[in-house]
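Peer 1: Just a sequence and a predicted model for now, questions to come.
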Amino acid sequence: MFEKYVNLLKEKQLKITPQRIEVLQYLDKHRTHPTVDEIYSELKEKNPSLSKTTVYNSVEILEKNVLIQSITISGSELRYDFKEGMHHHFLCKQCGEIIDIDVTCPNLGNMLECGHDVQEVHGYFKGICKKCLKKGENL
Ligand SMILES: [Zn+2]
Ligand SMILES: [Zn+2]
């Protein structure tokens with residue numbers, strides 16, 4: 001069950017550590033775009049001896065190797081995302097939820113034609129999410 005994450009680390013020729021696997025697995029299973037502090041406090045519950053520095057370092061290395069990506073949509077803090085295809089994000093200004101949006105960037109093709117190696121594409125949309133709109137109607 002960890003094989004998926006072990007293989008990802010292997011592909012990038014990274015050392016396989018339990019912490020890196022746990023961070024990858026956590027982000028894969030929780031598509032809520034947590035902050036590094038949230039990742040740390042969740043993982044710490046299962047493993048009380050886990051140090052904050054280890055989690056920060058793991059996140060940093062995974063990001064550097066493009067296995068995860070950070071997004072800055074909320075402006076104030078970095079949120080982390082398991083990297084699986086390029087997708088954009090929608091931030092609800094009311095509840096703060098960050099939702100994955102699967103639209104491809106129309107400019108990406110042109111960028112590739114330029115010969116650049118595009119590793120990240122960020123598209124940030126902001127507004128009020130479906131759930132909050134519905135709640136508003138009921139008021
Ligand atoms: Zn909302
Ligand atoms: Zn996402």
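Peer 2: Arrived safely. Ligands and ions are numbered 1, 2, ... in the order given.

Peer 1: drop to CA atoms for contacts and neighbour counts, all remaining ones
Peer 2: OK.

Peer 1: for the residue most central in space within the chain, what are its contacts?
Peer 2: Geometric centre of the chain, nearest residue: residue 81, 0.6 Å, by CA atoms, centre = their mean. Applying CA atoms under 8 Å, 6 or more residues apart in numbering, we find residue 81 in contact with 27-28, 31-34, 68-71.

Peer 1: TSV for the residues you listed, including pLDDT?
Peer 2: Listed next are the contacts of residue 81 as TSV, based on pLDDT from 0 to 100:
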residue	pLDDT
27	96
28	95
31	92
32	93
33	96
34	96
68	94
69	92
70	93
71	93
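
Peer 1: so residue 100 is in which element?
Peer 2: In this assignment (DSSP states H and E), residue 100 forms part of strand 98-101.

Peer 1: Please identify the buried residues of that strand?
Peer 2: By neighbour count with 16 or more other CA atoms under 10 Å, strand 98-101 contains the buried residues 98-100.

Peer 1: can you check stretch 40-60 too?
Peer 2: Buried-residue list, stretch 40-60, by 16+ other CA under 10 Å: 40, 43, 55, 58-60.

Peer 1: This completes my enquiry, with thanks.
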